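The following block contains a protein sequence and its predicted model.
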Amino acid sequence: MSYDSVLKSARERMEKALSHTQDQLRNIRTSRASSGLVENIRVEYYGSPTPLNQLAQISIPEPRQIVIKPFDASVIDDIAKAIMKSDLGISPENDGKVVRLNMPPLSGDQRKKYAARAKELGEEGRVAMRNIRRDANKEADALAKKSELTEDDNRALHEEIQEMLKELEGRVSEITDKKITEILEV
């Protein structure tokens, strides 16, 4: 381990935490249609659970509608069942060729619940990043203890890790605030 490898490892892990938070937020429903709501729903396809985006083309023809056109027409009923089982709370309309999801507007209580969930996910992302900072600082201290880093380099590494944390936490806050704004939009 070296100064640069500690920094690089911490950045990679923090960016993974950011990416995970973005994926989690994408699955929260807003009153606007988004392919992110359905693309990771698992559909039983020839005995194995497969993500919907690998089985069908997902499009948004209107702001409140999702159209799912399977590549293999025989799987359309399985897609409808998987959507019903998911926690989306939307009934699929199946015409034999495509599955349509019409997004009903969210009630005030639903908006509050989803906004609170988005805030919670954002905080989980920030906590994960802080844990990564703690681990990176421990690695830096261990290097300093083994005399592989000078005291000044150790302090500088701690400061760089803190700066990186601030930057990535800011990005988590931005995407969380944007999602909450979308949820609360009428």
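Sure thing, it's come through.

What about the spatially closest residue to P51 that is not a sequence neighbour, how many residues nearby?
In space, and not counting its chain neighbours, P51 is closest to N40: 5.3 Å by Cβ to Cβ, 6 or more residues apart in numbering. The C-beta positions use only the backbone N, C-alpha and C, and glycine is treated the same way. Using other Cβ atoms under 10 Å, N40 is surrounded by 13 other residues.

Closest to the centroid, which residue in this protein?
Per Cα atoms, centre = their mean, the C-alpha nearest to the average position across the chain is that of D23, at 1.6 Å.

Let me see the contact set for it.
Applying Cβ atoms under 8 Å, 6 or more residues apart in numbering, we find D23 in contact with N40.

Now it: which helix or strand?
Assigned by DSSP states H and E, D23 belongs to helix 3-26.

Heading C-terminal from that helix, find the next helix or strand.
strand 42-45.

buried ones in that next one?
Across strand 42-45, burial judged by 16 or more other Cβ atoms under 10 Å covers V43, Y45.

go on, stretch 120-135?
Under the neighbour-count criterion of 16+ other Cβ under 10 Å, stretch 120-135 has L121, G122, G125, R126, A128, M129, I132, R133 buried.

same for the longest helix seen in the chain, what does it pack against?
Ranked by residue count under DSSP state H, the longest helix found in the chain is helix 108-145. Using 3 or more Cβ pairs under 8 Å, 6 or more residues apart in numbering; DSSP states H and E as the contact test, the elements touching helix 108-145 are helix 3-26, helix 151-184.

mind checking how far it is from the chain centre?
Here the centre of helix 108-145 is set off from its chain's centre by 13 Å, with Cα atoms, centre = their mean, to the nearest Å.

Looking at that helix now, give me its mean pLDDT.
The average pLDDT within helix 108-145 is 93.

Okay, now the unreliable bits of this protein?
186 (pLDDT under 70).

If we use 80, what do you get?
1, 29-32, 87-89, 186 (pLDDT under 80).

Which segments of it make up each domain?
Domain ranges of the chain: 3-26+107-184, 35-102, per automatic domain parsing.

distance between the ends of the shortest one?
For domain 35-102, the first-to-last residue distance is 12 Å (Cα to Cα, to the nearest Å).

Out of the helices and strands packed on helix 108-145, the one nearest D78 is which?
D78 sits nearest to helix 3-26 of all the helices and strands packed on helix 108-145, at 22.9 Å, using Cβ to Cβ.

and that closest one with helix 108-145, angle?
170 degrees (axes from the mean of the first three to the mean of the last three Cα atoms, to 10 degrees).

and the end-to-end length of stretch 76-95?
End-to-end span of stretch 76-95 (Cα to Cα): 9 Å.

pretty sure I83 contacts V99?
Yes - in terms of Cβ atoms under 8 Å, I83 counts as a neighbour of V99; the distance is 6.9 Å.

what do these two both touch?
Taking Cβ under 8 Å, 6+ apart as the criterion, I83 and V99 both touch P92.
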